[in-house]
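*Asks:* give me a 3D structure for the following:
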Amino acid sequence: MPVKRYKPTTAGRRISSVDTFEDITTSKPEKKLTKILKKYSGRSKGKITVRHRGGGTRRRWREIDFKRDKYDIPAKVVSIEYDPNRGGRIALLHYADGEKRYMIAPHLLTVGDKVISSLKRQDVKIGNCFPIEEIPIGTEIYNIEMTPGKGSQLVRGAGAMAQIMAVEGAYATVKLPSGEVRMVLKRCMATIGQVSNPDYRLIRWGKAGRTRHRGIKPTVRGKAMNPVDHPHGGGEGSNGIGLKHPKTPTGKPALGVKTRGKCASDKFILQRRKKGRFVGKGK
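*Replies:* Numbering: from 1, shown residues only. Predicted coordinates for the structure are as follows:
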């Protein structure tokens, strides 16, 4: 949705922008489909695995239907809602049998539209969910499963979409938003369309306070620390890191070092993702 900028009344306002929320139709979520979200602050089993996480505004978790396993039962879109846990919007569905569920809303989905999930192709329009083998080649999709029946794991961020390149044998070739081309089992479910709120990436947060509200803490330079805290620490005045290559606080190589090891899924990747967003001339 459009991004709004205010008059530069303060230093933070001067460079910041906000989402207009024009596509939101209600401010109250379906209470039965929410639950308390416990914060782990980037920790796994008590150890920090993702740095610079913690605090932030309290939020409730929306139970999203990533499986879309209510087959051949039409559902009506009742509302488009804001989800504090993701950049895209979510849609509240009322199924014909009376059940209510949330789904990640595709771009241009509106209140009153009807969507359906089925194992056989029906009407090919945004919001409908079918196995990849039932979707025409070249169609834009999102919410893609990697294992049939497990629920979607790929292409769920705001504005993201993938494209079906080919279907051959038991696998389909899919081009992901990163530029990676990989094979996915053709029995895996996918939703037609593009994830809503594509302008989310254009928001400029402007000041540290808005970033802290999102649960992201400041990042301190290693060279500004003491030697006991970081390999780059110590020294008098402004100086370099003092090492041949930059390192993490735990002493492992950083910046430009490959972190992906040998994975069983490497055989399904036909083309690696792009190294950079922009490609220079002659490359």
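
*Asks:* where does the most far-flung residue of the chain relative to its centre land on pLDDT?
*Replies:* Relative to the centre of the chain, the most outlying C-alpha is that of E236, 42.3 Å out, by Cα atoms, centre = their mean. On the pLDDT scale, E236 is placed at 88.

*Asks:* just checking, it is part of a strand?
*Replies:* No. E236 sits outside any strand when classified using DSSP: H, G, I helix; E, B strand; the rest coil, being coil.

*Asks:* look up phi and psi at it.
*Replies:* phi -100, psi 130 (degrees, to the nearest 10).

*Asks:* neighbours around L92, how many?
*Replies:* 23 (other Cβ atoms under 10 Å). Yep, even glycine has a C-beta here, placed from its N, CA and C like the rest.

*Asks:* which helix or strand contains it?
*Replies:* Assessed by DSSP states H and E, L92 sits inside strand 90-95.

*Asks:* which residues touch that strand?
*Replies:* Strand 90-95 is contacted from outside by 30, 33, 62, 64-65, 70, 73-83, 100-105, 109, 115, 127, using Cβ atoms under 8 Å, 6 or more residues apart in numbering.

*Asks:* one more pass at 6 Å, please.
*Replies:* 30, 62, 70, 73, 75-81, 83, 100-103, 105, 109 (Cβ atoms under 6 Å, 6 or more residues apart in numbering).

*Asks:* emit the ChimeraX select command for whichever of the residues you listed are buried.
*Replies:* Entered in ChimeraX, the line below selects the buried ones among the contacts of strand 90-95, by 16 or more other Cβ atoms under 10 Å:
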select :30,62,70,75,77,78,79,80,81,83,101,102,103,105,109
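
*Asks:* which ones among the contacts of strand 90-95 map onto strands?
*Replies:* 62, 75-81, 100-103 (DSSP state E).

*Asks:* tell me which two in those residues are the farthest apart.
*Replies:* Greatest spatial distance in the ones in strands among the contacts of strand 90-95: R62 and K76, 18.6 Å, computed using Cβ to Cβ.

*Asks:* show me where the stretch 101-250 of the chain has strands.
*Replies:* 114-115, 129-131, 140-142, 144-145, 152-154, 162-168, 171-175, 181-185, 189-192 (DSSP state E, counting those that start in this stretch).

*Asks:* of all those, which one is nearest R212?
*Replies:* strand 152-154 (29.3 Å).

*Asks:* buried residues in that closest one, which are they?
*Replies:* Buried, per 16+ other Cβ under 10 Å, within strand 152-154: 152, 154.
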